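# The sequence and its predicted three-dimensional model are supplied below.
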Amino acid sequence: MKLSGAQIVVETLIEQNVKTIFGYPGGTVLDIYDQLQKKSDRITHILTAHEQGAAHAADGYARATGEVGVVLATSGPGATNLVTGIATAHLDSVPLLAITGNVATGMIGSDAFQEIDITGITLPITKHNFLVHDVKDLADTIREAIRIAKSGRPGPVLVDIPKDVQAAMCEFAYKAPVERSKPEPAKDADVDEAAKMIAEAGRPFIYFGGGAVRAGAGALISELADKIDAFIGCSMMGLSELPTKLDRFLGMQGMHGHYASSKAMAKSDLIIAVGVRFSDRATGNIERFSAGARKIQIDIDSAELGKNIEITLGASCDICDFLRKLIDRVDYKRNPNWAAKIEKLRAQEKEQGFVDFLPEQAIKYVASSVTPDTEIATDVGQHQMWTAQYYDFEKKRTWISSGGLGTMGFGMGAAIGACFGTGKRTVLFTGDGSFGMNLTELATAVTYNVPVTIVLFDNGTLGMVRQLQTLFYDKNYSNTTLDRKTDFVKLAEAFGAKGFEASDIEEFRKAFDEAYKTEGPALIDLRIDKDAVVLPMMRPGGTFDKLILGEEDD
Amino acid sequence: MSRSNFVIAVYVENKYGVLTRVTSMFTRRGFNIDSLTVGETEDPDYSRITISLSGEKSDRIQLVSQLKKLYNVRKVVEITPDAGIKRELLLIKIKTVPETRSEIRDITEVFKAKIIDYSAGAMCIEITGDSNKIDAFIDNVKPFGIIEMCRTGIVALERGPESMLEK
């Protein structure tokens, strides 16, 4: 059949099983929008309030479902508004397809109205991008973009389509949905070498991250740990892949990680890193980070092996295949001294922490109130770290948070995307700083009656930055005190959502119960102490020997 | 770890914007390149980029891994000093006066270089060879006065009968 470029875009997305796309119309995508409306029985378009919100929504959709998230925007400012969303997906390896319109091919380079070189702009923040010059290439380019986005280490791909290419006619035939390229199997020699190192180790520690979530490696990690008597920690991106309460799992390690997890990793003599990149937030000073430990790194991306830290053995392959073979290959082993050491660290951790700490109480209450499959989204800042530390995750892929880029303003869009992806309620933990950045997406949540419950930790400051100023800048609170007089309850109501306020745990429980029962979006403005801090904390560039455990430590 | 010199050959799709993708990655990852050349190959669908850089072994491994991740890159091979032939081309314009001309001609002959333009007050010379030979030639003619010069950067091939694409 002969179709226009715009029809081909929509038909190819339908052919590739794309059910939902997020976007915002404009001059150079009018043809595509015209077709989307006509095919609305087969593909749903969600109109956000801002293109950035659409990009984060597509990202949240992808994180919650594991499918490729799709976002559509017009040329110029529409395209540039996607940039933060694309970069967020890039840093966290989220499969995302961004489609942008552009001015007609004949006008490219003329600085035409709303013309921008978006393939140039997104070059360093996409896995790959395409500018489609000819309608004949359009369908296959979209298919290839989807294949790239979800294959290997996933990531964002952008397809820029000039207006005349959308209007041009071309023969179109359906093809099968593209498959994810099969990852390389593990090499026996690498598995043997890893097994030998495990046999020689007395203090093994498995450290996993987002790659393990992507591969669904949790059960294998747990099985390996049981067999070789290892303990487990994860990066922030690894959260929710293993149940928080799993016995061998010490939780998130790193700058604000759990004490026992960070300490155990630092004291281990063999770190088995699974789908994780030893980021600076996880290691602190790389020169002094666990210098005594041998390191095995297993990652689907060979460029990650030894990128940030010197490793003893690197394997670039399907991590599940590697773990399966390794479990078969290793002998059952007990490390009683190591287990005793871990028990001691856990006991020390129990003695730390705050008494009657409102953020912790609120997060624990949410965890105990909602169903285990509830998606938990966050923005970026103190509330994010508290949620990472205190929330009890039970089900995989229930943690949606911007790790690598640390994007304030991510949460609202991402939570909406997660709701559409799962068809279930999402709880968003946010702060007054982050929420202020993209609160306009409340309009989207109201329009589509999205079941999102927003828990806003309101301290009138940019708490995480303030915490750094408290510790390292002599309490010189430069530009972190907000005190904006915003009435978040009225604000929610103005958008058409429900609003509640609370300033202690009793009020919060009542408000949350009500908010959670609300069919569409509801917001709880929870007033918290502006001097509440996230602990433990490792100084940026510091070491795990010297964690800040209490406010008096510094 | 010690720094040393590496030459890496890359087959890339011969398409619009591919060189930008490669150089953008170098900028983004902070690789400092000594020279980069690009040109046609035996297969018109592919261009060959030859990159020379100095750095630690880890830099080389990281550069090769990052290159392999680029969508338009077909093949990446490190040309080791033993297995490769490396050449550069230099065009150089040297000041001359009647008294220096014969000496410059002598140097040119010793280095197997070629005089390609001869005018009042200047000579233009072409020379190919490995980078050390080019450096030595430049050192020898420097005292006469270099008006301008232009080096191509390194191109390299592996010895032996195979093509890099087939390996």
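Arrived safely.
# what's the burial count for residue B:103?
The burial count assigned to residue B:103 is 14, neighbours taken as other CB atoms under 10 Å in any protein chain shown. No exception for glycine: its C-beta is placed from N, CA and C like everyone else's.
# and if you look at the one 4 residues further on?
Neighbour count of residue B:107, defined by other CB under 10 Å: 16.
# so which residue of the stretch 301-450 of chain A comes closest to chain B?
Going by CB to the nearest CB, chain B is nearest to residue A:303 of the stretch 301-450 of chain A, at 3.7 Å.
# from memory that residue sits against residue B:65, does it?
Yes. Counting by CB atoms under 8 Å, residue A:303 touches residue B:65, with 3.7 Å between them.
# just for chain A, where's the confidence low?
A:551-554 (pLDDT under 70).
# tell me which parts of it are close to chain B?
A:119-120, A:123-124, A:127-128, A:131, A:148, A:301-303, A:305-307, A:310 (CB under 8 Å from any CB of the partner chain).
# mind checking pLDDT for residue B:144?
With respect to pLDDT, residue B:144 scores 97.
# Now it. Its backbone dihedrals?
Per-residue torsions, residue B:144: phi -80, psi -20 (degrees, to the nearest 10).
# Now do the buried residues in stretch A:131-138.
Neighbour-count burial for stretch A:131-138, counted by 16 or more other CB atoms under 10 Å in any protein chain shown, picks out A:131-133, A:135, A:138.
# Contact partners for the residue of the stretch 301-450 of chain A closest to chain B?
Residue A:303 sits next to B:62, B:65-66, B:68-69 when contact means CB atoms under 8 Å, 6 or more residues apart in numbering or on different chains.
# Just the strands from chain B, written as ranges.
B:4-13, B:33-40, B:46-55, B:73-78, B:84-95, B:114-119, B:122-129, B:146-151, B:155-158 (DSSP state E).
# State which one residue of the stretch 451-554 of chain A is found closest to chain B.
Closest residue of the stretch 451-554 of chain A to chain B, CB to the nearest CB: residue A:541 (18.3 Å).
# so what's that residue closest to, chain neighbours aside?
Excluding the flanking residues, the one nearest residue A:541 by CB to CB, 6 or more residues apart in numbering or on different chains is residue A:285, at 5.2 Å.
# Distance of that neighbour relative to chain B?
Distance of residue A:285 to chain B, given as CB to the nearest CB, to the nearest Å: 18 Å.
# Counting neighbours, what do you get for that residue?
Neighbour tally, residue A:285, other CB under 10 Å: 14.
# Surely it is in contact with residue A:540?
No. Using CB under 8 Å, residue A:285 is not in contact with residue A:540; the gap is 9.3 Å.
# follow-up on the earlier one: just name the closest of the contacts of residue A:303 to chain A, please.
residue B:65 (3.7 Å).
# which residues does that closest one contact?
A:302-303, A:305, A:307.
# Could you count how many residues lie near residue A:170?
Residue A:170 is flanked by 18 other residues according to other CB under 10 Å.
# So it, which state does it fall into?
Using DSSP: H, G, I helix; E, B strand; the rest coil, the structure places residue A:170 in strand.
# So residue B:67 versus residue A:385, what's the distance?
Distance check for residue B:67 against residue A:385: by CB to CB, to the nearest Å, it reads 36 Å.
# Counting neighbours, go ahead and name the busier of these two.
Neighbour count, other CB under 10 Å: between residue B:67 and residue A:385, residue A:385 has more, with 26 against 21.
# what domains does the record give for chain B?
With automatic domain parsing as the criterion, the domains of chain B are listed as B:4-78, B:85-155.
# ignore the last one, chain A
A:2-171, A:188-351, A:358-534.
# a markdown table for those, including distance to residue B:79?
Output for the domains of chain A, formatted as a markdown table (distance: least, CB to CB, whole Å):
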| stretch | distance to residue B:79 |
| --- | --- |
| domain A:2-171 | 27 |
| domain A:188-351 | 20 |
| domain A:358-534 | 34 |
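# Mind listing what's buried along stretch B:67-84?
Applying 16+ other CB under 10 Å to stretch B:67-84 flags B:67, B:69-79, B:84 as buried.
# For the nearest residue to residue A:381 once chain neighbours are set aside, give me its contacts.
Once flanking residues are discounted, residue A:381 sits nearest to residue A:464: 4.3 Å by CB to CB, 6+ apart. By CB under 8 Å, 6+ apart, the contact list for residue A:464 reads A:380-382, A:385, A:534.
# how about residue A:464, secondary structure?
helix.
# ranges for the helices of the stretch 201-350 of chain A?
For the stretch 201-350 of chain A, the helices defined by DSSP state H, counting those that start in this stretch cover A:210-215, A:218-228, A:259-267, A:280-283, A:319-329, A:336-351.
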